[in-house]
Structure formats: C-alpha cells, structure tokens
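J.: Generate coordinates for the sequence data below:
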Amino acid sequence: MSEPRQRRFKQVDVFTGAALYGNPLAVVLDADDLDTARMQRFANWTNLSETTFLLPPSDLQADYKVRIFTPAYEMPFAGHPPLGSCHAWLAAGGKPRMTGRIVQECGVGLVEIRVTDKGLAFAAPPMTVGEVSAAERKAVAAALRVPEERVLECALLDNGPQWLAVRLASAAEVLALKQDFGALKSLPKLGVIGPHAEGGECCYEVRGFAPGAGIEEDPVTGSHNASLALWLTDPARSKVRARRLSRRARHGPGPRRPGDGGEKGRPPVGGRGIGDLRGRDGDVLAFRKALEA
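T.: Reported below is the predicted structural model:
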C-alpha cells in the first residue's frame with residue numbers, strides 16, 4: 001500500500017489579539033486532488049466550526065480558490081475562513097497578483113482581501129433580509145428558553161450563510177441564555193444580540209448557535225457580525241462595535257470602519273493577530289491518513 005501524500009496543513013487563530021482566544025480554522029493547502037466526500041470527512045474529523053481547502057483558481061482573476069466546510073456541510077461563504085485561509089496561503093509563500101490585495105475565489109464568487117494596518121480585511125457580500133413567521137418566532141423563544149415577549153425583533157439575514165437574527169433587550173439577557181440545543185438544531189443558524197449600557201467597551205453582545213451544522217456555539221462569526229451591522233446600522237450611526245463572547249471565553253473582532261477594508265453598504269470583516277499551529281511530517285500523519293481514507 002502506497003504512503004499517503006504529504007499535504008501542508010495549518011490551524012490558524014482568527015479574530016484575536018492574543019494566542020488561543022480567537023476562532024480556530026483548519027486549512028489544507030494542497031487540496032487539488034481531494035474530492036468533496038474526502039473534504040467533508042476531514043472537516044467532520046477536525047470538528048472545528050470550519051475547515052478550508054485551497055485549490056488552484058478556476059477564475060483567472062483569482063489568486064487561489066477556497067472551499068469551506070463545517071463538520072456537516074459545505075458553505076459558499078463564511079466570515080473567518082477567508083481571513084484565516086488568506087493568512088495560511090501568504091505564510092506558505094503565496095504571491096498575490098496585486099500588491100496589498102488578494103483575490104480569493106469561493107462559493108459566492110470573488111472576494112477581495114486587503115492588507116490594512118489592522119490586519120487582513122474584506123468587504124462582506126451584499127445581504128438580503130427576510131421575514132420570520134409568527135410560528136418561527138415562537139419556536140425561537142422556546143429554543144432560547146425566554147418568554148416570547150422578550151424577543152424584540154427577528155429577521156432572516158443572508159449574505160451567503162443564512163442567520164436567523166434575534167434582538168433581545170440587553171447584553172445581560174444575551175449572556176444569561178440557557179438555550180435548548182436540541183430545539184435549536186431544527187432551526188437555522190441562530191444569532192442573538194443585545195445592547196450594552198452606553199459608555200461601555202462595546203455597543204452590543206453577540207452569541208451565535210449552529211448545532212445543525214455540528215457547532216453548538218460558534219466563538220466568533222464574521223459573516224454574522226457583518227450582517228448584524230447592516231441590520232442594525234442606520235444613517236445616523238457611524239459604526240457598530242460588537243463583542244462576540246461565547247461560553248468558550250473567546251473574544252471577537254473590534255470595530256471596523258469603511259476605510260479598513262469595507263465598501264459602501266458592505267461592512268468590513270477583518271482582524272489582527274492571526275497565529276498558526278504547524279506540524280512536521282511525523283506530527284501530521286493522522287491528518288494525512290484522514291484525508292486519504
């Protein structure tokens with residue numbers, strides 16, 4: 001039996017200024033000959049919120065192509081995978097066609113990532129907003145184990161991934177949630193937001209639940225934070241600063257302004273302090289066998 005092909009693999013820490021406090025991402029850099037089934041099995045095995053696989057681009061404008069998988073299914077787009085994948089690609093010697101700009105091909109098309117003084121950043125894809133029925137609203141309240149009247153607002157936000165956004169009256173209510181993960185599994189990915197008192201470090205507290213994707217609570221979700229910013233922001237508000245805090249004690253991205261990588265009507269998603277974990281040949285044997293199985 002032939003020895004499995006050796007592949008470059010990195011695990012990166014995204015949306016953090018301190019090691020081991022961000023959202024981890026597994027990145028396989030040499031994925032050109034892997035089929036979808038193998039990618040999905042490997043993503044299930046890593047058991048992270050997302051695992052990405054880098055391939056040669058099919059669009060000549062792109063520097064490379066990325067495919068994004070949760071433990072349960074493939075996604076067209078997500079928030080921290082483009083940033084972590086770009087970091088891994090650059091660290092592995094990738095050379096972008098344009099200085100300071102990397103073009104990444106994914107399920108929603110081309111995503112342009114910019115190198116800024118605050119790290120890597122990109123403009124989130126356009127978002128659509130859908131209505132939530134009375135029955136869905138009732139199911140949301142039951143899954144969060146809060147009285148229905150405490151759910152101030154609900155909407156379906158879609159910028160590639162779809163999130164069922166829920167607004168509560170305060171950050172304290174968001175942090176105090178004792179959610180029913182079994183009930184949440186039958187709902188779309190659920191994001192809950194509530195405001196902090198004025199004058200604090202952050203404007204909002206955000207938590208995200210996706211047990212249907214194999215992730216009970218996601219530490220930091222850039223796509224959801226970006227969609228929430230569009231949902232909440234009106235012309236009188238210059239920025240929205242939200243802290244993503246899960247019970248896994250990780251902290252999400254700070255504020256981002258349009259000059260940090262966003263565009264008009266498309267909030268930026270970005271962050272600094274992305275570290276990585278690398279393995280030598282002997283250390284990554286399990287990864288190699290998992291990919292070739």
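J.: how about the strands of the stretch 151-293 of the chain, start to end?
T.: Secondary structure of the stretch 151-293 of the chain by DSSP state E, counting those that start in this stretch: the strands cover 153-158, 162-167, 190-195, 204-210, 215-218, 242-244, 268-271, 275-278.
J.: Relative to residue 50, which of those strands is closest?
T.: strand 215-218 (8.7 Å; CB to CB). Backbone N, C-alpha and C define where each C-beta goes, glycine included.
J.: tell me the mean pLDDT over the closest one?
T.: Regarding strand 215-218, the rounded mean pLDDT is 88.
J.: What pairs with that strand, parallel or antiparallel?
T.: Its sheet considered, strand 215-218 pairs with strand 204-210 (antiparallel) by DSSP bridges.
J.: circling back: ok, of the strands of the stretch 151-293 of the chain, where does mean pLDDT dip lowest?
T.: Looking at the strands of the stretch 151-293 of the chain, the lowest mean pLDDT belongs to strand 242-244 (a mean of 52).
J.: Under the pLDDT cut-off, which ranges of the stretch 1-150 of the chain? List them.
T.: 1-3 (pLDDT under 70).
J.: Show me where the protein has its helices.
T.: With DSSP state H as the criterion, the chain has helices at 36-46, 80-91, 134-144, 171-175, 181-184, 222-232, 285-292.
J.: got these as JSON lines, with distance to residue 107 and mean neighbour count columns?
T.: What follows is those, written out as JSON lines (distance: least, CB to CB, whole Å; neighbours: other CB atoms under 10 Å):
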{"stretch": "helix 36-46", "distance to residue 107": "12", "mean neighbour count": "17"}
{"stretch": "helix 80-91", "distance to residue 107": "11", "mean neighbour count": "26"}
{"stretch": "helix 134-144", "distance to residue 107": "26", "mean neighbour count": "17"}
{"stretch": "helix 171-175", "distance to residue 107": "30", "mean neighbour count": "17"}
{"stretch": "helix 181-184", "distance to residue 107": "24", "mean neighbour count": "15"}
{"stretch": "helix 222-232", "distance to residue 107": "12", "mean neighbour count": "25"}
{"stretch": "helix 285-292", "distance to residue 107": "21", "mean neighbour count": "16"}
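J.: how's this protein carved up into domains?
T.: 9-125+273-292, 128-265 (automatic domain parsing).
J.: Which of the helices of the chain sits closest to residue 105?
T.: helix 80-91 (10.5 Å).
J.: Out of the strands of the stretch 151-293 of the chain, which gets nearest to residue 37?
T.: Between residue 37 and the strands of the stretch 151-293 of the chain, the shortest gap by CB to CB is with strand 215-218, which sits at 20.6 Å.
J.: now the closest one, how far from the centre of its chain.
T.: 11 Å (CA atoms, centre = their mean, to the nearest Å).
J.: in it, what counts as buried?
T.: By neighbour count on 16 or more other CB atoms under 10 Å, the buried set for strand 215-218 is 215, 217-218.
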